[in-house]
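*Asks:* Here is a sequence together with a model predicted from it:
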Amino acid sequence: MLTVEKLVLKTGIQFERIFKAVCMEDAVKILEHQVIHIMICDIEMPGGSGHELLNLFYSNQEIADLLCYGIEGVHYEKTEDGHFTYAKGRTDNPFLNNRGNMPNQFIAHVWEGEELDYWQQIAEQNETAVQSERSGFNFDYSKVEAEHREVVNIYNLYKKILNNGLDNQEECRERMLKEMEESGLRLLLKEEQTQYEAWKRRKL
């Protein structure tokens, strides 16, 4: 009979380390101190359940901090006023830009330069935000697949330049849009608008 560990290894995916927990308490200790990319757990386990373990991703601040910022002393350190900042000797944090995708970033600490009630402000903005009328619409680009591919490739080429200020922003944006238009951007937008109007009529 294959164990879970052997099943994982059989996938051929390379892992730096595999942590094993025999009970809920062991699992919590691992989650609070190690960056875990994939977790496999039983529904029933000694000392708790898989559901309770998953709930910790939404309710445990230490786990939220780990997911949002990494390991203390390695990826970040705490400041005296309650913020998190880069760990000594580091000028980057590989987790920082992805914290908005975590299960519950709202219970995590805030990064240096942000107000201490930053997450509360974000939550309030989310509550009062006006939902886009396009919410729920999905564009099927199969009819303009070649144009879509070209436009996406151009965007990906310029994205890092624009996001990091590596060139004159206005001139760079103009070059990008010119190349996109030459590659079929207007046809792409026309097809998307046609599909959107049809979708909106079906909603009425």
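*Replies:* It's in.
*Asks:* so what's the closest residue in space to Y141 that isn't next to it in sequence scoring on pLDDT?
*Replies:* Spatial nearest neighbour of Y141, excluding adjacent residues (Cβ to Cβ, 6 or more residues apart in numbering): H148 at 4.1 Å. (Each C-beta comes from the backbone N, C-alpha and C, glycine too.) Listed pLDDT for H148 reads 96.
*Asks:* And for the one 10 residues further on?
*Replies:* The per-residue pLDDT reported for Y158 equals 90.
*Asks:* Equivalent analysis for the one 4 residues further on, please.
*Replies:* Note for L162: predicted pLDDT of 84.
*Asks:* now the one 4 residues further on
*Replies:* According to the per-residue confidence, L166 scores 76 in pLDDT.
*Asks:* Who are the contact partners of it?
*Replies:* K160 (Cβ atoms under 8 Å, 6 or more residues apart in numbering).
*Asks:* mind redoing it with 10 Å?
*Replies:* 158, 160, 172 (Cβ atoms under 10 Å, 6 or more residues apart in numbering).
*Asks:* G48 too?
*Replies:* G48 is in contact with 23-25, 27-28, 41, 55-56, counting by Cβ under 10 Å, 6+ apart.
*Asks:* and the two most separated of those residues?
*Replies:* Pairwise distances across these peak at 16.4 Å for C23 and N55 (criterion: Cβ to Cβ).
*Asks:* Need the contact partners of the helix or strand hosting the residue nearest to Y141.
*Replies:* Using DSSP states H and E, H148 maps to helix 145-163. Residues from elsewhere that reach helix 145-163, judged by Cβ under 10 Å, 6+ apart: 139, 141-142, 144, 166-169, 172-173, 175-189, 191-192.
*Asks:* Quick one, which of those residues are buried?
*Replies:* Using 16 or more other Cβ atoms under 10 Å as the burial test, the contacts of helix 145-163 include 141, 144, 176, 179-180, 183-185, 187-188, 191-192 as buried.
*Asks:* want to try TSV for these, with distance to K200, secondary structure and pLDDT as columns?
*Replies:* Shown next, in TSV, are these (distance: Cβ to Cβ, whole Å; DSSP: H, G, I helix; E, B strand; the rest coil; pLDDT from 0 to 100):
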residue	distance to K200	secondary structure	pLDDT
Y141	18	helix	93
V144	20	helix	95
M176	29	helix	94
E179	31	helix	96
M180	25	helix	96
S183	27	coil	96
G184	24	coil	95
L185	22	helix	96
L187	21	helix	96
L188	19	helix	96
E191	15	helix	97
E192	12	helix	96
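*Asks:* quick one: low-confidence ranges for this structure?
*Replies:* The chain contains residues with pLDDT under 70 at 1-5, 8.
*Asks:* at 50 what do you get?
*Replies:* Along the chain, segments meeting pLDDT under 50 span 1.
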